[in-house]
Each structure stands twice: as structure tokens, then as C-alpha cells.
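A.B. asks: pasting the sequence and the predicted coordinates here, then a few questions.
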Amino acid sequence: MLTIASFGGNTMRVRHVDRSTIYVKTDDNEIIPLSVLVVPTIAKPIDTNL
């Protein structure tokens, strides 16, 4: 389980997201695998109505 805080979040809930592996190639031609979370939205517009 991974706990992530989001900006402006005030509720706690379980969310299932996909995980994938991407590969980064360095200047020395080394391949580094990175495990990433696939999320549909990482931010939302800030409500500017006061």
C-alpha cells in the first residue's frame, strides 16, 4: 500500500491505479527501470470564485 497526499485533499480513500515500468537511458547508455503510477488526473484547476 502506498499513501499519497494530494494538494487540497481533505478526505482519505482507497484508490486503485495501474502501475507501469518505464526505462530511462543515461548518457553512459545505462538503462534504468522506473516504476510509475498511472493516474488519470494529477491536478485540477484552482477554484478562483470567492
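C.D. replies: That came through fine. The structure presented is a predicted model; accordingly, all values stated were derived computationally and were not measured.
A.B. asks: quick one: the strands in the chain, in order.
C.D. replies: Along the chain, counting by DSSP state E, strands occupy 18-25, 31-38.
A.B. asks: nearest to Ile46, out of these?
C.D. replies: Between Ile46 and the strands of the chain, the shortest gap by C-beta to C-beta is with strand 31-38, which sits at 22.9 Å. Quick note: C-beta positions are derived from backbone N, CA and C, even for glycine.
A.B. asks: which strands or helices does the closest one pack on?
C.D. replies: strand 18-25 (3 or more C-beta pairs under 8 Å, 6 or more residues apart in numbering; DSSP states H and E).
A.B. asks: export the strand it packs on to PDB, keeping only CA atoms.
C.D. replies: Provided in PDB are the C-alpha atoms of strand 18-25 (Å, rounded to 0.1, in the frame of the first residue of the first chain):
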ATOM      1  CA  ASP A  18      -2.300   1.000 -12.600                       C
ATOM      2  CA  ARG A  19       1.500   0.700 -12.300                       C
ATOM      3  CA  SER A  20       3.900   0.500 -15.200                       C
ATOM      4  CA  THR A  21       7.600   0.400 -15.800                       C
ATOM      5  CA  ILE A  22       9.400   3.000 -18.000                       C
ATOM      6  CA  TYR A  23      13.100   2.900 -18.900                       C
ATOM      7  CA  VAL A  24      15.500   5.800 -18.900                       C
ATOM      8  CA  LYS A  25      18.700   5.600 -20.900                       C
END
